[in-house]
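> Return a 3D structure for these sequence lines:
(4 chains)
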2 protein chains.
Amino acid sequence: MLWVVSVYTPAEVVEETGFTLDTLRYYEKIGLLEPVGRNSAGQRRFSEEDVGWLGMVRCLRDTGMPIAEMLRFAELVRAGDHTIQDRIKLLEEHDRRVEGQIANLAERQRYIHNKISYYRSFL
Amino acid sequence: MLWVVSVYTPAEVVEETGFTLDTLRYYEKIGLLEPVGRNSAGQRRFSEEDVGWLGMVRCLRDTGMPIAEMLRFAELVRAGDHTIQDRIKLLEEHDRRVEGQIANLAERQRYIHNKISYYRSFL
DNA sequence: GTGGAAGCTGGAGTGCACTCCATGTCAAGT
DNA sequence: ACTTGACATGGAGTGCACTCCAGCTTCCAC
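A predicted model of the protein is given here:
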């Protein structure tokens, strides 16, 4: 039986995820990424699953979730299917924060627009 | 002639702006705030103008402008009316970044929503 | 006039999230 | 075989934006 498992080199994952290699190593070190597979020489070979998880990490990071909370989420994921309810709860809370961020940003943007208009009135 | 100028104690400015006293002192130290007026005993008495400027600072800070750039903006403001064009330019650039932040956040939020839906499908 | 809160200064310390570095091994194209 | 680039490790360093502290002074309500 032929078994094809696609793996990614560090450089490919950097390309794919936008994280730097140092960041990937850092994430692995702190446990945000599970120990990554290695080839015979000890070099990292990321699985499809690793890359998928990194997509989630990117999303959470870019929406301002602190690493400590991503770590909690990672633990839930590792703990298995019985944590799905907790994961939903965590993501929904985060979603509300993201909603708040957007609303806040939009509000501040109005202030900026007003300021620009005010300045324009001087020209 | 009676001349009433409203002034604010540090505690009042903390209340009004949401910055901590340490932060206000820090902002003054780095020049984001012009040297604040003092009473005879050397305690700070913030002017209406200070408080207004702090409102701007809060807006820029909360939309992610780095201090270095706020400092540049502060310098333009101090330099006088001939910098109004530059101030508009700076604010418009910042506005575009804010726009980008909002768009990005909204996009990431879709990802989170999908993930939540996916998790829900397991229940 | 006294006690507790508020304020002062200069400087050290914190927390987060990386980022860089020295030194060494391994891979792979020519 | 050789060279060059990718990757490894452990640990130190960075940058940003505060935040805290010691030791002292001043304000103000009772």
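> is chain B contacted by stretch A:55-74?
Yes: Stretch A:55-74 is in contact with chain B by CB under 8 Å from any CB of the partner chain, via A:56, A:59, A:62, A:63. From N, CA and C alone the C-beta is placed, and that goes for glycine too.
> Would you mind measuring from the closest residue to residue A:88 other than its chain neighbours to residue A:53?
Excluding the flanking residues, the one nearest residue A:88 by CB to CB, 6 or more residues apart in numbering or on different chains is residue B:119, at 4.9 Å. Using CB to CB, to the nearest Å, one gets 15 Å for the distance from residue B:119 to residue A:53.
> same check, this time on residue A:82
Taking CB to CB, one finds residue A:82 at 19 Å from residue A:53.
> Residue A:93 now?
Distance from residue A:93 to residue A:53, by CB to CB: 20 Å.
> Would you mind telling me which of these two has more residues around it?
Comparing residue A:93 with residue A:53 by other CB atoms under 10 Å in any protein chain shown, the one with more neighbours is residue A:53, at 19 against 11.
> Quick check: residues of chain A near DNA strand C?
A:20, A:22-23, A:25-26, A:39-43, A:61, A:66-68 (CB under 7 Å from any atom of the strand).
> Serialize the residues you listed to TSV and add fields for neighbour count, pLDDT and secondary structure.
Listed next are the residues of chain A next to DNA strand C as TSV, based on neighbours: other CB atoms under 10 Å in any protein chain shown; pLDDT from 0 to 100; DSSP: H, G, I helix; E, B strand; the rest coil:
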residue	neighbour count	pLDDT	secondary structure
A:20	10	98	coil
A:22	9	98	helix
A:23	17	98	helix
A:25	15	98	helix
A:26	14	98	helix
A:39	10	96	coil
A:40	5	95	coil
A:41	5	95	coil
A:42	6	96	coil
A:43	11	97	coil
A:61	18	98	helix
A:66	10	98	coil
A:67	15	98	helix
A:68	9	98	helix
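> Among those residues, which pair sits farthest apart?
A:40 and A:66 (36.9 Å; CB to CB).
> what's the longest helix in chain A?
In chain A, assigned by DSSP state H, the helix with the most residues is helix A:84-120.
> buried set for that one?
By neighbour count on 16 or more other CB atoms under 10 Å in any protein chain shown, the buried set for helix A:84-120 is A:84, A:87-88, A:90-91, A:94-95, A:98, A:101-102, A:105, A:108-109, A:111-112, A:115-116, A:119.
> Just list what it packs against, helices and strands only.
helix A:67-79, helix B:48-62, helix B:84-120 (3 or more CB pairs under 8 Å, 6 or more residues apart in numbering or on different chains; DSSP states H and E).
> between those, which one is nearest to residue B:73?
Per CB to CB, nearest to residue B:73 of the helices and strands packed on helix A:84-120: helix B:84-120, 5.7 Å.
> ok and that closest one relative to helix B:48-62, angle-wise?
40 degrees (axes from the mean of the first three to the mean of the last three CA atoms, to 10 degrees).
> how big is the angle separating helix B:84-120 from helix B:67-79?
Using the same axes, to 10 degrees: helix B:84-120 against helix B:67-79 is 150 degrees.
> can you tell if helix B:84-120 touches DNA strand D?
No: under the criterion of CB under 7 Å from any atom of the strand, helix B:84-120 makes no contact with DNA strand D; the nearest approach is 12.9 Å.
> and that helix, what's its mean pLDDT?
The average pLDDT within helix B:84-120 is 98.
> so how far is that helix off the chain centroid?
How far helix B:84-120 lies from its chain's middle: 18 Å, per CA atoms, centre = their mean, to the nearest Å.
> Would you quantify the distance from the one residue in chain A that gets nearest to DNA strand C to residue A:51?
Using CB to the nearest atom of the strand, residue A:41 is the residue of chain A that sits closest to DNA strand C, at 2.8 Å. According to CB to CB, residue A:41 and residue A:51 sit 21 Å apart.
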